[in-house]
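Student: Okay, structure incoming, though there's no sequence with it:
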């Protein structure tokens, strides 16, 4: 997948929470790109969610709604 126009909208240190957010985005028809890895600066694993620049506002609204519930 080409990721040039994908923007990181959230970074989680809990993979399960990240996966739940990705599922909510997919259910809304928003395509995502996930990066999982370990950065030497941070002590924990990271899970980044990226969406296409055209979907950023909608994706953030969905995630923010999920985070509040």
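Tutor: Done, it's in. Just so it is clear, the structure is predicted and the values come from calculations on it, not from any experiment. Numbering: from 1, shown residues only.
Student: Please enumerate the helices of the chain.
Tutor: Taking DSSP state H as the criterion, the chain contains helices spanning 15-27, 56-68.
Student: Average pLDDT for the first one, rounded please.
Tutor: Here helix 15-27 scores 94 as its mean pLDDT.
Student: in the protein, what spans have low per-residue confidence?
Tutor: Along the chain, the model assigns pLDDT under 70 to residues 1-3, 36-44.
Student: Regarding stretch 50-58, how distant is the last residue from the first?
Tutor: Using CA to CA, to the nearest Å, the end-to-end distance of stretch 50-58 comes out at 13 Å.
Student: now that stretch, how far from the centre of its chain.
Tutor: The chain centroid and the centroid of stretch 50-58 are separated by 10 Å under CA atoms, centre = their mean, to the nearest Å.
Student: Let's have the helices of the chain in CSV, adding mean neighbour count.
Tutor: Placement of C-beta: from N, CA and C, glycine included. Formatted as CSV, the helices of the chain follow (neighbours: other CB atoms under 10 Å):
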stretch, mean neighbour count
helix 15-27, 15
helix 56-68, 14
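Student: Please consider this matter closed, and thank you.
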